[in-house]
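Enquirer: pasting the structure only:
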């Protein structure tokens, strides 16, 4: 990963985020660029990278927003007695308006594995959350088992569907299916060219994960579920195997 590539991604994600640069945690979630890719190699602080890209660092605001999301998810885990799944997040945000939306939690905290680890770290660094930390540890261990132990069909038991990326001509379609492992998808419109499956993400929440990717690529939407994506966008989607 070169310095110019990282600066390019800072500029791209800042533009998508309405001109406000991302904090390092959300930047990793959005791009897959780890702190070890730049820390002590190109910059000593994330703010220095943001400045070199031509922006004013906004780490404090982003940090506060993410911490508020972590606090809400941690408290929900305590109320449930288990780590909340996507359906729990959607239901809670509908019942309680002050709770962050399902898409906000996904955009701030990332995949299920990322959410578990971030909430666990939050609980380990804040007093009074030892009980929730244990819930997170149990969820972490269970999640590892689910993605390493396959059923007799070679499929993950927890996943009930997929979110897929199709390519037809220059454009890409992001859709969902409840048929795990299916390689042919029925499209709502007649395509001028044959569509090819680029990648699919296994998930226990096809609706929520599809909404996440639609929101992430919203500036590049062409029509309906079709988007004009570049190589970095496709790479980001293909990086995820399970969410």
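Expert: On my side now, so go ahead. Just so it is clear, the model here is predicted, and its values are computed rather than measured. Numbers count the residues shown, from 1 in each chain.
Enquirer: assign a three-state SS to residue 215, would you?
Expert: Assigned with DSSP: H, G, I helix; E, B strand; the rest coil, residue 215 falls in the helix class.
Enquirer: count of neighbours near residue 44?
Expert: Neighbour count of residue 44, defined by other CB atoms under 10 Å: 11. In short, each C-beta sits where N, CA and C put it, glycine included.
Enquirer: list phi and psi for it.
Expert: phi -90, psi -20 (degrees, to the nearest 10).
Enquirer: what does the domain assignment say about the protein?
Expert: Domain ranges of the chain: 3-57, 60-148, 161-238, per automatic domain parsing.
Enquirer: return the helix or strand in this structure with minimum mean pLDDT.
Expert: Across the helices and strands of the chain, mean pLDDT, DSSP states H and E gives its lowest value to helix 130-148, namely a mean of 74.
Enquirer: for the protein, which segments count as strands?
Expert: Along the chain, the stretches classed as strands by DSSP state E are 161-168, 171-177, 196-203, 221-223, 226-227.
Enquirer: ok, the shortest one: who's next to it in the sheet?
Expert: Sheet pairing of strand 226-227 (DSSP bridges) gives strand 171-177 (antiparallel), strand 221-223 (antiparallel).
Enquirer: with mean neighbour count added, can I get those in TSV?
Expert: Formatted as TSV, the entries for the strands paired with strand 226-227 read as follows, by neighbours: other CB atoms under 10 Å:
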stretch	mean neighbour count
strand 171-177	21
strand 221-223	12
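Enquirer: and these, which one's lowest on average pLDDT?
Expert: If these are sorted by mean pLDDT, strand 221-223 sits at the bottom with a mean of 80.
Enquirer: where does the protein dip in pLDDT?
Expert: For the chain, residues meeting the criterion pLDDT under 70 lie at 58-64, 142-160, 178-195.
Enquirer: wait, what's in contact with the residue most central in space within it?
Expert: Residue closest to the mean C-alpha point of the chain, counted by CA atoms, centre = their mean, is residue 110 at 3.3 Å. Counting by CB atoms under 8 Å, 6 or more residues apart in numbering, residue 110 makes contact with 29, 118.
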